[in-house]
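**Q** Any chance you could fold what I've pasted below:
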Amino acid sequence: AVQNADLHGSKVAVLSARNPGIVGVSGIVVKDTARTFVIISEDNRTRIVPKEGLSFAVEALGCRVAMDGQSLLRSPAMTPKTACSHRR
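**A** Reported below is the predicted structural model:
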């Protein structure tokens with residue numbers, strides 16, 4: 001599922017938000033924290049976008065899906081990929 005995927009390098013766009021000024025913001029994820037995405041937009045600006053209260057279009061794993069930001073609230077360190085790599 002996309003919400004469990006590593007989204008670094010994925011394209012994201014804000015579809016809806018409580019703050020209308022953030023709708024339409026898009027770019028490539030360079031950092032995925034528990035509550036925010038740090039993205040680089042096409043105009044080469046770094047933007048910090050909260051996940052809570054927003055819906056996103058996410059291009060990852062070869063598909064584009066709309067997702068509620070609430071479902072993306074998690075620690076990137078706990079994704080299956082990195083959680084499994086620490087086991088021996």
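
**Q** Residue ranges in the protein under the pLDDT threshold?
**A** 1-4, 75-88 (pLDDT under 70).

**Q** and the spatially most central residue of the chain, what is it in contact with?
**A** By C-alpha atoms, centre = their mean, the chain has its centre lying nearest to Phe37, at 5.2 Å. Phe37 is in contact with Leu7, Val12, Val29, Lys31, Ile48, Val49, Lys51, counting by C-beta atoms under 8 Å, 6 or more residues apart in numbering. Where C-beta positions appear, they are placed from N, C-alpha and C, glycine not excepted.

**Q** Now list the buried members of the residues you listed.
**A** Leu7, Val12, Val29, Val49, Lys51 (16 or more other C-beta atoms under 10 Å).

**Q** got the contact list for the third one?
**A** Residues in contact with Val29 (C-beta under 8 Å, 6+ apart) are Leu7, His8, Gly9, Ser10, Lys11, Val12, Phe37, Val38, Ile39.

**Q** Quickly name whichever of these is closest to Ser71.
**A** Ser71 lies nearest to Leu7 out of the contacts of Val29, by C-beta to C-beta, at 12.1 Å.

**Q** how close does that closest one get to Val14?
**A** 14 Å (C-beta to C-beta, to the nearest Å).
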